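1. what follows is a predicted structure for the sequence shown.
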Number of protein chains: 2
Amino acid sequence: MPATGVAEVLIECAEHVDDPAQLTDEQLAEVFRAYRERMQVLASDPRLAHVSVFKNVGAEAGASLAHTHSQIIATPIVPELTRAELAGAEAYFARESRCVFCDIVEKELADGSRVVARSANFVVVTAFAPRFAYELWVLPVAHQPRYEALTDSEALELALLLKPVLRALDAVQDAPAYNWFLHTTPLRAGAPGYYHWHLEVLPRTARPAGLEWGFGCHITTVAPEQAACQLRAALPDVA
Amino acid sequence: MPATGVAEVLIECAEHVDDPAQLTDEQLAEVFRAYRERMQVLASDPRLAHVSVFKNVGAEAGASLAHTHSQIIATPIVPELTRAELAGAEAYFARESRCVFCDIVEKELADGSRVVARSANFVVVTAFAPRFAYELWVLPVAHQPRYEALTDSEALELALLLKPVLRALDAVQDAPAYNWFLHTTPLRAGAPGYYHWHLEVLPRTARPAGLEWGFGCHITTVAPEQAACQLRAALPDVA
């Protein structure tokens, strides 16, 4: 495999801000637009197969710089977890003739117990099977395989939806370190019916140990329904 | 799935010791014997499918108690990472008619660059594709699918082999937090030709961030050959 790739750092504002929830709505919308634009540019390099977009907030989540920033890593391979998620979604589609993420959105909205916030086009839920307590997933309500399809106004909608949720997380869990990462269809994989982009927010609310690293079993001590309830209750104070 | 399982804590010595490398050889041998004995006892419960044995050393590796201890978690399912490793080993065997771990041992011993230490029956190598720098694997040289087959004298041999390596790791990396975990054939899976027990030692030499958690891509900054060279050089001082 050629050692080809691109590593970019997106500095999210000119002034020193170390918490993305303190960006203005328009600044955060610009972050989401910048993700899209860098993906579109990187797609033009035929050597690249995938763009991993992520964000580390706080030293415990691996951030080595406090100033709020994101990372954009383009690689000639599709990373292992992305391949596993795509394969799982494809197998579900083969069985059910449905996008698993469309089904998640539909069932979560019908049930409501894990819904933290929603807007016209997006929903934020606590993950059904979280790796860490308060893990959040942000999904488009309608089927959309590619993040690059995000419109400018949807980027602002996403910022307006997510910022109060991040502030609620800070309030409920005393500003935990976290990562977020964007899962979207790889560059050369078209627009499959079985896959649906989403943003996962993974707070570092526990320290993974031998059971997690050695066996893939994650222990959490807060049920996702309880986490969602706490986050919803904190929303009015922070909105 | 029934909520059935067993969680045991193995307290490794009566006096307060917080570093397993400070146990006596015989105490550490007893730890390895105790793993075997608890597995044998837990195997008699037909509801249990797998025993996860692991150890957390240091707060950064998730240890909540300083006194040196191990954890033994028996579950009615085979954990995800164990299933993935078994499936990979089985696929390799189907293709090559060889146990992949036997091949790893043979190639590592022939190459030598990642070998840290060896005894009559065991070898310690730095992992070829580490998740964290200085990740170590301890393997029996001869094919052995089940940890329960360990003899009392092999337990002492393992202690005598591993203790200086742990001290070398402490010397080279300033006593890092780490986990170790035992990968062995699940309780009801016989003694397959394709699988070979081993102990993985995972030092927390970096903080995993978005690329690791979101995409499964691990960044390390020390090549395993360089790590092995440093550990070998530290061995004479600590033996």
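-> Thanks, I have the structure now. Numbering: from 1, shown residues only, chains lettered A, B, ... in the order given.
2. mind checking how far the residue lying closest to residue A:224 once chain neighbours are set aside is from residue A:200?
-> Nearest non-adjacent residue to residue A:224, counting by Cβ to Cβ, 6 or more residues apart in numbering or on different chains: residue A:126, 3.9 Å away. Bear in mind the C-beta positions are built from the backbone N, C-alpha and C, glycine included. Distance of residue A:126 to residue A:200, computed by Cβ to Cβ, to the nearest Å: 11 Å.
3. these two - which one has more neighbours?
-> Neighbour tally, residue A:126 and residue A:200, criterion other Cβ atoms under 10 Å in any protein chain shown: the higher count belongs to residue A:126, 27 against 21.
4. just the strands in chain A please.
-> In chain A, the strands defined using DSSP state E lie at A:6-11, A:50-57, A:69-75, A:115-118, A:122-126, A:136-140, A:178-183, A:198-203.
5. let's have the ones you listed in CSV, adding mean pLDDT.
-> Converted to CSV, the strands of chain A look like this (pLDDT from 0 to 100):
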stretch, mean pLDDT
strand A:6-11, 97
strand A:50-57, 97
strand A:69-75, 97
strand A:115-118, 98
strand A:122-126, 98
strand A:136-140, 98
strand A:178-183, 98
strand A:198-203, 98
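6. just to revisit the earlier point, what touches both of residue A:126 and residue A:200?
-> Jointly contacting residue A:126 and residue A:200 under the rule Cβ atoms under 8 Å, 6 or more residues apart in numbering or on different chains are A:135-137.
7. scan the residues you listed and report the most crowded one.
-> Neighbour counts for the shared contacts of residue A:126 and residue A:200, by other Cβ under 10 Å, peak at residue A:136, which reaches 27 neighbours.
8. surely that residue meets residue A:128?
-> No - contact criterion Cβ atoms under 8 Å: residue A:136 and residue A:128 do not qualify, at 11.6 Å.
9. in contact with the residue nearest to residue A:224, which residues?
-> Each residue near residue A:126 by Cβ under 8 Å, 6+ apart is listed here: A:114, A:116, A:134-137, A:224-225, A:227-228, A:231.
10. could you identify the most distant pair in those?
-> The span of the contacts of residue A:126, defined through Cβ to Cβ, is set by A:137 and A:225 at 14.4 Å.
11. can you tell me the closest non-neighbouring residue to residue A:234?
-> residue A:168 (3.8 Å).
12. count of neighbours near residue A:190?
-> Using other Cβ under 10 Å: residue A:190 sits among 11 other residues.
13. any idea of the pLDDT on it?
-> Here, the pLDDT recorded for residue A:190 equals 93.
14. how much space is there between it and residue A:183?
-> Residue A:190 sits at a distance of 16 Å from residue A:183 (criterion: Cβ to Cβ).
15. what does residue A:32 give?
-> Taking Cβ to Cβ, one finds residue A:32 at 15 Å from residue A:183.
16. ditto for residue A:224
-> To residue A:183, residue A:224 is 18 Å away according to Cβ to Cβ.
17. same deal with residue A:56?
-> Distance from residue A:56 to residue A:183, by Cβ to Cβ: 16 Å.
18. residue A:58 too?
-> Going from residue A:58 to residue A:183 by Cβ to Cβ gives 21 Å.
19. residue A:211 now?
-> According to Cβ to Cβ, residue A:211 stands 25 Å off from residue A:183.
20. what's across from the residue positioned nearest the centre of chain A in the sheet?
-> Among the residues of chain A, the one closest to the centroid is residue A:199, at 1.9 Å (Cα atoms, centre = their mean). With DSSP bridges as the criterion, residue A:199 is bridged to residue A:138, residue A:182.
21. so who does it touch?
-> Counting by Cβ under 8 Å, 6+ apart, residue A:199 makes contact with A:137-139, A:162, A:180-183.
22. if you set the cut-off to 6 Å instead, what comes out?
-> Contacts for residue A:199 (Cβ atoms under 6 Å, 6 or more residues apart in numbering or on different chains) come out as A:138, A:180, A:182.
23. tell me, how many neighbours does the last one end up with?
-> Think residue A:182. Neighbour tally, residue A:182, other Cβ under 10 Å: 24.
24. also residue A:15?
-> Counted with other Cβ under 10 Å, residues neighbouring residue A:15 total 7.
25. just residue A:157 next, same as before
-> Neighbour count of residue A:157, defined by other Cβ under 10 Å: 19.
26. distance check, it against chain B.
-> Relative to chain B, residue A:157 is positioned 23 Å away (Cβ to the nearest Cβ, to the nearest Å).
27. buried residues in the longest helix along chain A?
-> Counting residues, the longest helix in chain A under DSSP state H turns out to be helix A:152-173. Buried residues in helix A:152-173, counted by 16 or more other Cβ atoms under 10 Å in any protein chain shown: A:154-173.
28. ok, now stretch A:118-128?
-> Burial within stretch A:118-128, assessed by neighbour count using 16+ other Cβ under 10 Å, is assigned to A:118, A:121-127.
29. where do the helices sit along chain A?
-> Using DSSP H, helices in chain A cover A:25-42, A:80-96, A:100-111, A:152-173, A:210-215, A:224-238.
30. now render the ones you listed as a markdown table, adding mean pLDDT.
-> What follows is those, written out as a markdown table (pLDDT from 0 to 100):
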| stretch | mean pLDDT |
| --- | --- |
| helix A:25-42 | 98 |
| helix A:80-96 | 97 |
| helix A:100-111 | 98 |
| helix A:152-173 | 97 |
| helix A:210-215 | 96 |
| helix A:224-238 | 93 |
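31. and these, which is most packed in?
-> helix A:210-215 (a mean of 24; mean count of other Cβ atoms under 10 Å in any protein chain shown).
32. off-centre distance for it?
-> 23 Å (Cα atoms, centre = their mean, to the nearest Å).
33. if I look at the residue lying closest to residue A:219 once chain neighbours are set aside, how far off is residue B:181?
-> Nearest residue to residue A:219, sequence neighbours excluded (Cβ to Cβ, 6+ apart): residue A:211, at 6.5 Å. In this structure, residue A:211 and residue B:181 are 8 Å apart, going by Cβ to Cβ.
34. how about the residues of chain A near chain B?
-> Contacts of chain A with chain B, taken as Cβ under 6 Å from any Cβ of the partner chain, map to A:52, A:54, A:56, A:62, A:79-82, A:179, A:181, A:202, A:207, A:209-210, A:213-217.
35. same thing but at 8 Å, please
-> A:52, A:54-56, A:59-63, A:71, A:73, A:75, A:79-82, A:84, A:131, A:179-183, A:200, A:202, A:206-217 (Cβ under 8 Å from any Cβ of the partner chain).
36. residues in contact with stretch A:150-159?
-> With contact meaning Cβ under 8 Å, 6+ apart, stretch A:150-159 is reached by A:23, A:25-26, A:28-33, A:36, A:119-122, A:138.
37. pull the most distant pair out of the residues you listed.
-> A:23 and A:120 (21.7 Å).
38. which ones are touching the residue lying closest to residue A:183 once chain neighbours are set aside?
-> The shortest distance from residue A:183 to any non-neighbouring residue, by Cβ to Cβ, 6+ apart, is to residue A:198 (5.6 Å). Applying Cβ under 8 Å, 6+ apart to residue A:198 gives the contacts A:101, A:137-140, A:182-183.
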